[in-house]
Each structure stands twice: as structure tokens, then as C-alpha cells.
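Participant: show me how the following folds:
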Amino acid sequence: MKNQYITLTSIILALSCFAFLPKTQAVSPPPDGCYPGFTTAEGCNALGHLTSGAANTGLGWYALFGTSTGNYNTGVGAGALVLNNADSNTAVGTAALLLNTAGIENSALGTAALVNNDNGASNTAVGAFALQNNINGGANTAVGHSALQNSTGEFNTAIGAGAGTESAIVSNNVYIGDPGFPGDTNVISIGGIAASETPYENTYIGGIYGASVNMGSLPVYVDTDGHLGTALVNGSGQKMRMRASQGAQPQASLSEFQKQQKRIAELETTVARLAATVKEQSAQIEKVSTQLELRKPARRVVVNKK
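Facilitator: Model (predicted):
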């Protein structure tokens, strides 16, 4: 964080050097809104309370209106960042980050994106109404119309229109085209329930068929809900133990299965060799039969003389 601000300050100092360059031909008429502290403001009451804040840009009705000491903020659109007084926020769109006061390093692109965010930090919302209900959750990423509608969770990622729209999801989830379920934590869901409400029929993932895996790999099971896992459980959610009369473990059963597969492959190879041998022997027998036929003495006709 400190290094980022040092870098940003260095950039601003470098830009300030342009003020001392010889004047050259510029746009005419010259742009207005050239204010001290690298500030740009355009629109009714944009940056209306600015005091010591630097490098802020407010374009639009009441854009960045409440920013006084905050730095490095950009608000473009009516009401964008209107209450903000924190640092390094970017809001593009009407009412984007409208209620943000103390949250830092948020990025919102779209109408009402992150509109209710108050002090949540490091959120990214791309799409109209994306993350609109977030208040103090941090490090969330939402891409798509109305994506990710939780209010307090952190480290959630939702991609696709309507993805992550379940308001009761918690934290550390990833949704792609899936609305999520209440209480979700540490869940990755790719279209488990289609946000479009049209069930999926086929799944294609490249780089799996024909790919090599280690001998110690575990089989993956899929239940009727599309849930993936390597351990079988019963209806109560308890793990099912493999039948093992001599203390064998599932890994041992897997090893036996792999041995059987290897044995089957060896038998198939042996059968193929035998088939080739039989075919070769049949050809030799046919060749010998042909030669014997050629060596048979010609039939003689006996004349009966009386």
C-alpha cells in the first residue's frame, strides 16, 4: 500500500513538471476547471467541499461533492462518489459509489454500481447495479448486470449477469453464471443453477480427455446436483467407508483397481498377439495345403479289356 502511494505521488510530481515547460499551441478556447492540487471539476457543485485533497477529478452533478481531504479519486456521473472523503476510488456512472464515505480503492463502472458501499475497500464492480447492496464487504469482484448482491461478505467473485445474486451468501465464493445459495462459504459454482433460469444440458471442458494424471490420483464423483467430490457420503452426509476386511483403505482399493486395469491391458495385449500368431499359422497351413495339392499324382484311367 505504501509503495503504491509513493509511486502515485512520483507520477503526480512528474506531471507537475509540465507546468514549467515552454507554452506551445493548445486547444482553443482553453479548458476551464484548472484548479490547484491537480484538481479537475466540472458540473453543479462537483468537488464542492474540497480543501487539501489532491489529484481529484469530479465530472457531473455533485460528483465528489463531499470530498475535502481525500486524494486520487475520480467521479464521473451525476452523484458519483457524492459523499466520499476517502482515497483512490474510481466511479464512472450515475450514482456509482454514491454513498461511499470511508472505503478506499474501490472501482465502480455502471449505473448504481456499488451504490450503497460505505466503508468496504478494494471492491470492483463492472455493470449496472453490480454490487449495489454491498455496504462494508471488501475485496469483492462483480462483473455483469446486477452481479453479486451480498452486503457484507468478502473475497467473493461473480461473473455474468445475475451471478451471485443471492443476498445471503457469505465469503470466499466464486460464481460463474450462478446465483449462489444462502450461507455459501468457500464455494465454487459454475452454472450449478443457471442465472438465466434455463437449465444447462451439456458441459465441455478442454484439456481433460487424454490428459495424463498421477497413479495416485483419486476418482471424481458427480451427484445429481452436479456437485463434484472424491469422497462418497450417505444421505446423512457421513462418509461411506470402503469394505475392508484386512484394514484396507480407499487408497488401497484404488491401487487394486489400477492393478486390475493393468492386468486387463496385459491380457488384451496377449490376446492380440495370439490372434496374430493364429492368423500367421493359418496362412502357413493354407500355403502347405496348396503345395500338397500340386504334388498329388495325376489320376489314371484304367481300360477294362475283355
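Participant: would you map the strands across the stretch 151-300 of the chain?
Facilitator: With DSSP state E, counting those that start in this stretch as the criterion, the stretch 151-300 of the chain has strands at 157-159, 174-176, 188-190, 221-222, 228-229.
Participant: for stretch 88-101, what is the average pLDDT?
Facilitator: For stretch 88-101, the mean per-residue pLDDT is 98.
Participant: need the strands of the stretch 151-300 of the chain in TSV with mean neighbour count, distance to Lys239 and mean pLDDT, can you?
Facilitator: C-beta: built from backbone N, CA, C; applies to glycine. TSV is the format used below for these (neighbours: other Cβ atoms under 10 Å; distance: least, Cβ to Cβ, whole Å; pLDDT from 0 to 100):
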stretch	mean neighbour count	distance to Lys239	mean pLDDT
strand 157-159	25	29	98
strand 174-176	23	25	97
strand 188-190	17	21	96
strand 221-222	11	12	86
strand 228-229	10	10	87
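Participant: redo these as a markdown table? Include distance to Gly33.
Facilitator: Below are the strands of the stretch 151-300 of the chain laid out as a markdown table (distance: least, Cβ to Cβ, whole Å):
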| stretch | distance to Gly33 |
| --- | --- |
| strand 157-159 | 37 |
| strand 174-176 | 41 |
| strand 188-190 | 46 |
| strand 221-222 | 59 |
| strand 228-229 | 55 |
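Participant: of all those strands, which one comes closest to Val271?
Facilitator: For Val271, the closest of the strands of the stretch 151-300 of the chain is strand 221-222, at 31.8 Å, according to Cβ to Cβ.
Participant: which strands or helices does that closest one pack on?
Facilitator: Other helices and strands packing on strand 221-222, by 3 or more Cβ pairs under 8 Å, 6 or more residues apart in numbering; DSSP states H and E, are strand 228-229.
Participant: ok, the strand it packs on: who's next to it in the sheet?
Facilitator: The strands that strand 228-229 pairs with in its sheet are strand 221-222 (antiparallel) (by DSSP bridges).
Participant: now tell me what touches the partner strand from outside.
Facilitator: Residues outside strand 221-222 that contact it (Cβ atoms under 8 Å, 6 or more residues apart in numbering) are 228-230, 232.
Participant: gap between the two ends of stretch 30-39?
Facilitator: End-to-end span of stretch 30-39 (Cα to Cα, to the nearest Å): 16 Å.
Participant: check which residues of that stretch are buried.
Facilitator: Buried positions in stretch 30-39, judged by neighbour count with 16 or more other Cβ atoms under 10 Å: 38-39.
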